[in-house]
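[1] Quick one, structure for this:
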Amino acid sequence: MLIMEKQLLSSDVQVLGLSADHSYGIGTSLLCFIPATEIKNYFSAFEELPEEIDAVFSELLNSTNQKRIKKLEQEIADFSYSDQLAPPLSITIAVGHADLPASERKGPLYSLNYCRKNAFLVDGILTYCAIMNLLGYKLQYPHFVTNQELTKADNITMKNIINQPLIVTVVFNDDGNLDQKDILNLCKTFNQRSLQFHSVSLSRIASESLVKDFIHQLAEELKLDKIGGMSTKATRVTKSDPFITTESTMLHMVVAAVAGNKLRMSTKVMGELSDGSLIDQTRLDSIKPAIITFFSAWLSSCQHQLKYNRDGFHYSTQIWQALGLVINHLISNQCSLEELERVGHLLGQLNYSRDAEHWQHCPAMKLDIRGYQYKNATSGGRTFREGLARYFIELVSKMSF
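    Numbers count the residues shown, from 1 in each chain. The predicted model follows:
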């Protein structure tokens, strides 16, 4: 397993790792494990890089790499809180000049001494930067400096990351020498690979399963089956349907509660937002208490209408989405669960009949051509639900809590 030790009394590094009996190419690899906090001690710091290698690493500051590092940070942080299986974090170090005479093989274990300044990070470069950021540093190339802007949440994440083990592969030449050209070629080979299995279905299945499971958890905890249930097949509720909502409606409501009015659900992948990000477990776990609290109150207050008025707006997907936007607004304003419950009760008492007079005060509504019932007065679905959400928020603000 992992054995990696730093000789504290010299500039040398000593590693002990697993090595195969047969080489791949002309090089040898050692497989080791090391805590995230120690990894910087096993290869040359960015400020010590040779000029040609430094020119490559300085591109860490470009916008593409910074976006990728930020995405990796979020993934690593999410997995540090999650109870899901996480893909292991790994990096590869190439040793330019290894002290082979001091190297020993003990069965599958191989001991290697080398000078830190002669070892270079060739793979997992962005992973390393993301880990350093999570450990409380930020890159001001070529230096990592202490990040003074850490939040309480950042500090909790840092504690989770500190002892996170990394898989470290140490690569060296059998004759103990890799020159700068070899190092750069290795770096190029690792970082220009694009060989991961591509599957749109795999992404969709993983995302859909997560969000669908969450929606069914909501349905169970809200006891929807006692007031008509949720359909997994229909996309909307008609007058003759026995259920009060659909899986599709619940999905749109969850997206509204999580992302607000800035992002929409992707048309290709369930649970993917219009900016390409996914509704992950962390987002769902954080929003769940608010949704349960709000809709438990809303359904309780609206129960009579749900039972006796099969043609009201309370069955509309747009209304449920608007209520999701209300939840997002309340959370953004740091409202407590007690406040969410009170707002849910107040909006549940609203008359959702299509001919209710109060709709005349909602800019998103207008009377139909006969002057009997209200309908969408906006140019589309998005503007309609956003207008409804603003109306609900204004109504609540006028009512005493």
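[2] Where does the prediction get shaky in the stretch 1-150 of the chain?
    1-11, 20-26, 82-83, 98-107 (pLDDT under 70).
[3] would you list every one of the helices in it?
    Using DSSP state H, counting those that start in this stretch, the helices of the stretch 1-150 of the chain run over residues 51-57, 63-81, 125-134.
[4] do the same with the stretch 201-350 of the chain
    Under DSSP H, counting those that start in this stretch, the stretch 201-350 of the chain gives helices at 247-259, 281-308, 317-332, 337-348.
[5] For the last one, buried residues please.
    If I follow you right, that is helix 337-348. 339-348 (16 or more other CB atoms under 10 Å). Placement of C-beta: from N, CA and C, glycine included.
[6] Stretch 50-59 now?
    Neighbour-count burial for stretch 50-59 [16+ other CB under 10 Å]: 53, 57.
[7] Export it to CSV, keeping only CA atoms.
    C-alpha atoms of stretch 50-59 as CSV (Å, rounded to 0.1, in the frame of the first residue of the first chain):
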residue,chain,number,x,y,z
PRO,A,50,13.3,25.3,-15.6
GLU,A,51,12.5,28.1,-18.1
GLU,A,52,10.9,25.8,-20.8
ILE,A,53,8.7,23.9,-18.3
ASP,A,54,7.8,27.2,-16.5
ALA,A,55,6.4,28.5,-19.8
VAL,A,56,4.0,25.6,-19.9
PHE,A,57,2.9,25.8,-16.3
SER,A,58,2.4,29.6,-16.4
GLU,A,59,-0.6,28.9,-18.6
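[8] could you pull out the strands for this protein?
    3-6, 12-18, 27-35, 90-95, 104-106, 109-115, 119-123, 137-140, 143-146, 165-173, 230-231, 245-246, 365-367, 374-376 (DSSP state E).
[9] Can you lay out those as JSON lines showing distance to Leu60?
    Formatted as JSON lines, the strands of the chain follow (distance: least, CB to CB, whole Å):
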{"stretch": "strand 3-6", "distance to Leu60": "25"}
{"stretch": "strand 12-18", "distance to Leu60": "23"}
{"stretch": "strand 27-35", "distance to Leu60": "21"}
{"stretch": "strand 90-95", "distance to Leu60": "14"}
{"stretch": "strand 104-106", "distance to Leu60": "36"}
{"stretch": "strand 109-115", "distance to Leu60": "24"}
{"stretch": "strand 119-123", "distance to Leu60": "11"}
{"stretch": "strand 137-140", "distance to Leu60": "6"}
{"stretch": "strand 143-146", "distance to Leu60": "11"}
{"stretch": "strand 165-173", "distance to Leu60": "18"}
{"stretch": "strand 230-231", "distance to Leu60": "48"}
{"stretch": "strand 245-246", "distance to Leu60": "47"}
{"stretch": "strand 365-367", "distance to Leu60": "53"}
{"stretch": "strand 374-376", "distance to Leu60": "49"}
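[10] so which of those strands gets nearest Thr189?
    Nearest of the strands of the chain to Thr189, taken as CB to CB: strand 119-123 at 8.4 Å.
[11] That closest one to strand 165-173, inter-axis angle?
    110 degrees (axes from the mean of the first three to the mean of the last three CA atoms, to 10 degrees).
[12] re earlier: for Asn163, find the nearest of the helices of the stretch 201-350 of the chain.
    Here helix 281-308 is closest among these (CB to CB), at 20.5 Å.
[13] what mean pLDDT does the closest one have?
    In this model, helix 281-308 has an average pLDDT of 93.
[14] same question, stretch 234-247
    pLDDT averaged over stretch 234-247 gives 90.
[15] Tell me the spacing between the residue nearest to Thr232 when sequence neighbours are not counted and Lys223.
    Excluding its sequence neighbours, the residue lying closest to Thr232 (CB to CB, 6 or more residues apart in numbering) is Glu247, at 4.8 Å. Separation of Glu247 from Lys223 (CB to CB, to the nearest Å): 16 Å.
[16] Okay, domains of this protein per the record?
    Listed by automatic domain parsing, the domain ranges of the chain are 3-191, 200-398.
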